[in-house]
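Trainee: Please work out how this folds:
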Amino acid sequence: TFASVGAAAADQGVKRGLQGQAPGLSQAASTAGNFSVMAPATLGLFLAGRFSHNSGFRAFSYDAGQAVVVTGVYTGLLKKAVQRERPDGSDSLSFPSGHSSTAFTLATVANSHYGWKVGVPAYVAASAIALSRISNDKHYLTDVVAGATIGVISARTVVRVNGETRGRQRRFAVGPITDPQGG
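Mentor: Residues are numbered from 1 along each chain as shown. Here you go, the predicted structure:
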């Protein structure tokens, strides 16, 4: 992603600036973005939507579940393909950040369904999760920027595609048109 390439120059400086900052908050945010928290939360959200009579919430929960799966697949494939070593040397699954991709996926779906009043706090929480990964020496800035980008793109795609299948009108379409004589 272009944003990750631009962030590469700042990797070391951001790492030095954030490493070890706000350890309690950083650990809490990192834990919130962990797979062991996000997976059950997403499954619970999906199941709640399955039984909800509120069609808006049901659509949100389905989009969130599908987007998290799509994001997880892309993130996992990239981690295996790139094999970037983590800053702390613990393994070679640093790029892209799964915490960031999942957090930004959920924030983007929330923003798409509920607008900025829910979206802004969701993006703030997603940013805290992403920055905690740098502070905890698990990722570089480029890792979290790439993860966030994957999350946003995956979520926007799922919401758009699912919106079309639920009968929402498309905002933009391109197609051929002719006059009555076929010209």
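Trainee: show me the contacts for Ala130.
Mentor: By Cβ atoms under 8 Å, 6 or more residues apart in numbering, the contact set of Ala130 is 33, 97, 99-100, 103-104, 144, 147-148. In short, each C-beta sits where N, CA and C put it, glycine included.
Trainee: One more: Tyr114?
Mentor: Tyr114 sits next to Phe60 when contact means Cβ under 8 Å, 6+ apart.
Trainee: So which bits of the longest helix belonging to the chain are buried?
Mentor: Longest helix in the chain, counting residues (DSSP state H): helix 55-82. Neighbour-count burial for helix 55-82, counted by 16 or more other Cβ atoms under 10 Å, picks out 58-68, 70-72, 74-75, 78-79.
Trainee: among the contacts of Ala130, which two are most distant?
Mentor: Between any two of the contacts of Ala130, the greatest separation by Cβ to Cβ is 11.5 Å, found for Gly33 and Ala148.
Trainee: Have a look at the two and say which one is more surrounded.
Mentor: Neighbours per residue (other Cβ atoms under 10 Å) separate Gly33 from Ala148, with Ala148 holding more: 28 against 25.
Trainee: so that one touches Thr102, yeah?
Mentor: No. Assessed by Cβ atoms under 8 Å, Ala148 is found out of contact with Thr102, at 10.1 Å.
Trainee: can you give me the helices for the chain?
Mentor: All helices of the chain, identified by DSSP H, fall at 2-8, 11-18, 23-32, 35-51, 55-82, 98-114, 116-135, 141-165.
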